[in-house]
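Student: Next comes the sequence, and after it the predicted model I'd like to discuss.
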Number of protein chains: 2
Amino acid sequence: MFGTGMVGTGLGSALAECGEEVMLGSRTADNPDSIEWAAGAGEGALSGTFADAAAFGELLFNATAGTGSLDALASVAEEDLAGKILIDVANPLDFSGGMPPLLFTGNDDSLGERIQRAHPDLRVVKALNTVTVDLMVDPGRLGDVHDLFICGDDDVAKREVERLLGEWFGWERFIDLGGITNARGTECYLALWIRLYQALGTPMFNMKVVRDDA
Amino acid sequence: MFGTGMVGTGLGSALAECGEEVMLGSRTADNPDSIEWAAGAGEGALSGTFADAAAFGELLFNATAGTGSLDALASVAEEDLAGKILIDVANPLDFSGGMPPLLFTGNDDSLGERIQRAHPDLRVVKALNTVTVDLMVDPGRLGDVHDLFICGDDDVAKREVERLLGEWFGWERFIDLGGITNARGTECYLALWIRLYQALGTPMFNMKVVRDDA
């Protein structure tokens, strides 16, 4: 797990509760957030650097702030990424101008693509970035079914992520948008998500795509 | 009704069926699409220039291609806009690079805001731009309830638009995002909408915002 913020610790704790061993990685080995988390999240909860976490993990999550994602991944050994699945949960949000944040990738690029381009042997699956962390790990909390958007260049990796998210957290409804460039769509959606969060006064919502037959 | 494409003619026909008199406006008075539409859409259906349509309408719709919206509005007399509500249905899509299109406003501006800035006395309400025209005029066609996002600086205008969209077409669920700068959110959402259209193979879908209690 790259990242020790609300998303990294929330996902990490939920995965540990599912019986997974989880190492939270950050820039330095003495990150107090990550050490505190590891002390409180049970036996399989560990703390280390980004490089340690990459070496440790069979499956990787990117839960860093979007502004730091590429640097985090650049700090690890490429052979610890090659062939592994990375679930990219991050969004390219720039809060430097205050609320609401802007997308620093514009709409002709995306963070998911940038990560995939920088690490061609990594199997990047963009998923979970469209919901708040409490819903990532417990989609059943809402009053109706709702959808998770997923994309990535590796079909086998996407099916594996869908299976795991179902097994761990109960996700059932996925909409596969295709290759990783479609992260432009799910990341740009954050510009609406942020405003819905402000208008509704809660981040506990998600989209059900209603169709003719649904 | 500014615009004589699928959206302008579709909305125009539905409004004419509701008993409204509708003038479709375009760049030139001899636009064949608009003349053909007026001939076939019943007694209250008229055709003219953008300037004619602005002078004729009590309520205005912008259904031009986003790339042409500001020019269309610049061609009409300002006194024919002042104090009127404009429902801005358009999106700032640039198809010049092929599919999927890009948003030419980026995410630190929006078409809705540009129109409001260019015409401060116009009461711009951004609405309907997040659904295909067949759903704009018949939201009941889908298999569940779903939501319409709305924004604009004039609260009275927004409530009037909600009332009219309910009366004409049966819209019931609105989420008011606040001032017109929030058009950045509903326009950026098009980057996801376009990809959902491609993935689902139909434009006949919309979002139900599912919450804790919904």
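Tutor: Noted; the coordinates are in hand. Residues are numbered from 1 along each chain as shown, chains lettered A, B, ... in the order given.

Student: Which neighbouring elements make contact with the longest helix along chain A?
Tutor: Ordering each helix of chain A by length in residues (DSSP state H) puts helix A:155-169 first. Secondary-structure packing of helix A:155-169 (3 or more C-beta pairs under 8 Å, 6 or more residues apart in numbering or on different chains; DSSP states H and E): helix A:6-17, strand A:85-88, strand A:123-126, strand A:148-150, strand A:174-176. Quick note: C-beta positions are derived from backbone N, CA and C, even for glycine.

Student: Which of these has the highest mean neighbour count?
Tutor: strand A:123-126 (a mean of 29; mean count of other C-beta atoms under 10 Å in any protein chain shown).

Student: Show the average pLDDT along that strand.
Tutor: The pLDDT scores in strand A:123-126 average 98.

Student: list the helices and strands that strand packs on?
Tutor: Applying 3+ C-beta pairs under 8 Å, 6+ apart, one finds that strand A:123-126 makes contact with strand A:85-88, helix A:111-118, helix A:155-169, helix A:183-188.

Student: make it 7 Å
Tutor: Packed against strand A:123-126 by the contact rule (3 or more C-beta pairs under 7 Å, 6 or more residues apart in numbering or on different chains; DSSP states H and E) you find strand A:85-88, helix A:111-118, helix A:155-169.

Student: which one of the ones you listed lies closest to A:Arg195?
Tutor: Counting by C-beta to C-beta, A:Arg195 lies closest to helix A:111-118 out of these; the figure is 19.7 Å.

Student: List the buried residues in that closest one.
Tutor: Within helix A:111-118, the residues that qualify as buried by neighbour count (16 or more other C-beta atoms under 10 Å in any protein chain shown) are A:111-116.

Student: what sits up against it?
Tutor: Residues outside helix A:111-118 that contact it (C-beta atoms under 7 Å, 6 or more residues apart in numbering or on different chains): A:62, A:66, A:69-70, A:73, A:88, A:90-92, A:105, A:122, A:124, A:126, A:153, A:180-181, A:183, A:187.

Student: With stretch A:22-39 instead?
Tutor: A:1-2, A:4, A:8-9, A:12, A:15-16, A:44-50, A:52-54, A:56-57.

Student: Identify those among those residues that sit within helices.
Tutor: Going by DSSP H, the helices hold A:8-9, A:12, A:15-16, A:50, A:52-54, A:56 from these.

Student: Go through those residues and name the one nearest A:Lys208.
Tutor: Nearest to A:Lys208 among the ones in helices among the contacts of stretch A:22-39, counting by C-beta to C-beta, is A:Leu15 at 25.7 Å.
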